[in-house]
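Q: the following block contains a protein sequence and its predicted model.
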There are 2 protein chains.
Amino acid sequence: MRRADELRAPVDAFLRSLELSAELGELREAMRYALEPGGKRVRPVLCLAVCEAAGGEAEHALPAAAAVELVHSFSLVHDDLPSMDDDDERRGRPSAHVAFGENVALLAGDALLAEALRLALSYDDPALARELVEATLSMIGGQHRDVTGDDADLESLHRLKTGALFGAAVGLGLLVAGVPEDTQEPWRAFGDDVGLLFQVVDDVLDGDGYTERLGPDAARTLVSEVAARALERLDGLAADTSVLRDLVHELTFRTG
Amino acid sequence: MRRADELRAPVDAFLRSLELSAELGELREAMRYALEPGGKRVRPVLCLAVCEAAGGEAEHALPAAAAVELVHSFSLVHDDLPSMDDDDERRGRPSAHVAFGENVALLAGDALLAEALRLALSYDDPALARELVEATLSMIGGQHRDVTGDDADLESLHRLKTGALFGAAVGLGLLVAGVPEDTQEPWRAFGDDVGLLFQVVDDVLDGDGYTERLGPDAARTLVSEVAARALERLDGLAADTSVLRDLVHELTFRTG
């Protein structure tokens, strides 16, 4: 079994060699730009690690893991647009609309979403694409709450905006591994905790969200609590979950 | 067998009662606005009519037909955005971004695409979703050519931008009807002609595209030629294609 950071290399390699639809022509350049390394690839690595821990072949989960990353990438490209967060930079580089123009970035985001679904549909079982599309809808619903300032229920906002796609990363890993539906629940509960953990750490690093709501100390305490709960969930699984344990530690102690 | 305009009512009814994902919350309002009647529903009607002519139940094709219309609707909402065509009106009403704001319109377009795929995935056979996602990618590739002024090859631009989704309307109708793959070709050739017919008539009505390229008389001649070819294709099919014939006439002689 490989460590979490060793799963990042196959993800990056798969994304780099990904054949985007030829019909997209030059638009593929903007899509590749948005997909270039630099991100942490947390979601696809989680997908591969769950698949492997659940007894599947991580390699078989690569298209599914990439599909989740493409949905994430689509959401970043659209989030950065002037009418949304108006961010000119992403990971220390000009964001897609600065590099390619607003219209091309819009279409690149659309195409990343469509390509994500095409990847999920490369499996025989349509359950993978169904799970990804449901998570995408939840994520968009969360983004809508966010842009309209509907953030009174922070937990529910984050469950939609961040949690749903983490859930899909776990769910797709389970589906590729062939884990029966009636034994998926403890894995999925772990996925929910990882999503929440990611978000609360984000809020601690950015000083907003949970930090604003609870204060910095209480937010840090929440990080520890959620991390402990996630690790406990792993204890309850009859599987080698060492890589997932690594991943929880990585997410807990990340600094950016 | 119902006439083409009689197939519009079930399409409108299905779209009106369509249950959008609850996770989308208030965003559904903007999506419903974009889906409201007023459009000609050419693509979904074509899908139902092909399904019925090919021996299937038009009712079974309603989710597929609606999925095609949602993809079309997603493309209109994004096309109208200020960074794209910057159209403030659509079908005599304020376009989505004028009515709901640019950020909400962007997300509504994203969600319409995701919902379209969810509808296509409501069938057991993933071939429907695969066909829809391929057509969507072609359409986005065509839009990209359009916004970047890459229109030297007008036929190929239109095949992507308009033709692909007409092709999917026909293809999904055939899949719902259970037409075997090796007998689909003549139907699909008909679909290509209908897509081209729609586009050339558009260009005649708007005075651009083929009209600019060929002149108005030659463009009108092209309309007649393509319509005749589409009708000839129908003659070659051992099926009651009277509704499709109606549809070709409607498209040929439409004035808006």
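A: That came through, no problem.

Q: going forward, measure contacts between C-alpha atoms and count neighbours the same way
A: Fine.

Q: pLDDT averaged over stretch A:10-27 - what is it?
A: The predicted model assigns stretch A:10-27 a mean pLDDT of 96.

Q: go on, stretch A:247-256?
A: 92.

Q: chain A: strands as residue ranges?
A: A:89-90, A:93-94 (DSSP state E).

Q: residues making contact with the first one?
A: The one in question is strand A:89-90. For strand A:89-90, contacts defined as C-alpha atoms under 8 Å, 6 or more residues apart in numbering or on different chains pick out residue A:95.

Q: number of nearby residues for the closest residue to residue A:195 other than its chain neighbours?
A: Spatial nearest neighbour of residue A:195, chain neighbours left out: residue A:163 (4.5 Å); criterion: C-alpha to C-alpha, 6 or more residues apart in numbering or on different chains. Using other C-alpha atoms under 10 Å in any protein chain shown, residue A:163 is surrounded by 27 other residues.

Q: just to check, residue A:163 is in contact with residue A:200?
A: No - counting by C-alpha atoms under 8 Å, residue A:163 stays clear of residue A:200, with 11.1 Å between them.

Q: report the contact partners of the residue nearest the centre of chain A.
A: In chain A, the C-alpha nearest the mean C-alpha coordinate belongs to residue A:43, at 3.7 Å (C-alpha atoms, centre = their mean). Residues in contact with residue A:43 (C-alpha under 8 Å, 6+ apart) are A:65, A:68, A:69, A:165, A:166, A:169.

Q: now do 10 Å
A: A:49, A:65-69, A:72, A:165-170, A:194-195 (C-alpha atoms under 10 Å, 6 or more residues apart in numbering or on different chains).

Q: so it versus residue B:217, what's the distance?
A: The gap separating residue A:43 from residue B:217 is 57 Å, by C-alpha to C-alpha, to the nearest Å.

Q: quick one: residue A:24 and residue A:110 touch, right?
A: No - using C-alpha atoms under 10 Å, residue A:24 makes no contact with residue A:110, being 11.1 Å away.

Q: just want to know which of the two has more residues nearby.
A: Set residue A:24 next to residue A:110 and count neighbours by other C-alpha under 10 Å: residue A:110 wins out with 26 against 23.

Q: quick check: the gap between the residue of the stretch 151-256 of chain A found nearest chain B and residue B:241.
A: Using C-alpha to the nearest C-alpha, the closest approach of the stretch 151-256 of chain A to chain B is made by residue A:160 at 7.5 Å. Distance of residue A:160 to residue B:241, computed by C-alpha to C-alpha: 47 Å.

Q: so for the closest residue in space to residue A:209 that isn't next to it in sequence, what's the pLDDT?
A: Excluding its sequence neighbours, the residue lying closest to residue A:209 (C-alpha to C-alpha, 6+ apart) is residue A:203, at 5.3 Å. At residue A:203, the model reports a pLDDT of 94.

Q: distance of the residue nearest to the centre of chain A from residue A:71?
A: For residue A:43, the distance to residue A:71 - C-alpha to C-alpha - is 10 Å.

Q: residue A:225 touches residue A:197, doesn't it?
A: Yes - assessed by C-alpha under 10 Å, residue A:225 is found in contact with residue A:197 at 9.1 Å.

Q: so which of these two has more stuff around it?
A: residue A:197 (24 against 14).

Q: overlap of the contact sets of residue A:163 and residue A:200?
A: residue A:194.

Q: just the ones of the contacts of residue A:43 in helices?
A: Applying DSSP state H to the contacts of residue A:43, the entries found in helices are A:49, A:65-69, A:72, A:165-170, A:194-195.

Q: ranking the residues you listed by neighbours, who comes first?
A: Of the ones in helices among the contacts of residue A:43, with other C-alpha under 10 Å as the count, residue A:169 tops at 34 neighbours.

Q: list the contacts of that one.
A: When contacts are taken as C-alpha under 10 Å, 6+ apart, residue A:169 is in contact with A:42-51, A:61, A:64-69, A:131-132, A:135, A:163, A:188, A:191, A:195.

Q: how about 7 Å then?
A: Residues in contact with residue A:169 (C-alpha atoms under 7 Å, 6 or more residues apart in numbering or on different chains) are A:43, A:44, A:46, A:47, A:65, A:68.

Q: pull the most distant pair out of those residues.
A: Spanning the widest gap among the contacts of residue A:169 are A:46 and A:68, at 10.2 Å by C-alpha to C-alpha.

Q: just the closest residue of the stretch 101-250 of chain A to chain B, please.
A: Nearest residue of the stretch 101-250 of chain A to chain B, counting by C-alpha to the nearest C-alpha: residue A:141, 3.9 Å away.

Q: enumerate the residues of the stretch 51-200 of chain A near chain B.
A: A:83-84, A:102-104, A:107, A:111, A:114, A:118, A:121, A:126, A:130, A:133, A:137-138, A:140-141, A:144 (C-alpha under 7 Å from any C-alpha of the partner chain).

Q: what is the neighbour count of residue A:32?
A: 17.

Q: with adjacent residues omitted, what lies nearest to it?
A: Closest to residue A:32 by C-alpha to C-alpha, 6+ apart is residue A:16, at 7.8 Å.

Q: ok, now how distant is the one you found from chain B?
A: 19 Å (C-alpha to the nearest C-alpha, to the nearest Å).

Q: again, but for residue A:92
A: Distance of residue A:92 to chain B, given as C-alpha to the nearest C-alpha: 24 Å.

Q: how about residue A:60, nearest residue that isn't a chain neighbour?
A: residue A:176 (6.9 Å).

Q: so who does the one you found touch?
A: Residue A:176 touches A:51, A:56, A:60, A:61, counting by C-alpha under 7 Å, 6+ apart.

Q: returning to what we had before: of the contacts of residue A:169, closest to chain B?
A: Looking across these and measuring by C-alpha to the nearest C-alpha, the closest to chain B is residue A:68, at 13.8 Å.

Q: go ahead and confirm that closest one touches residue A:45.
A: No - counting by C-alpha atoms under 7 Å, residue A:68 does not reach residue A:45; the two are 10.2 Å apart.

Q: give me the number of residues near residue A:175?
A: For residue A:175, the neighbour count with other C-alpha under 10 Å is 22.

Q: should've said residue A:60
A: Other residues within reach of residue A:60, judged by other C-alpha under 10 Å, total 16.

Q: same thing with residue A:37?
A: By other C-alpha under 10 Å, neighbour count at residue A:37 equals 17.
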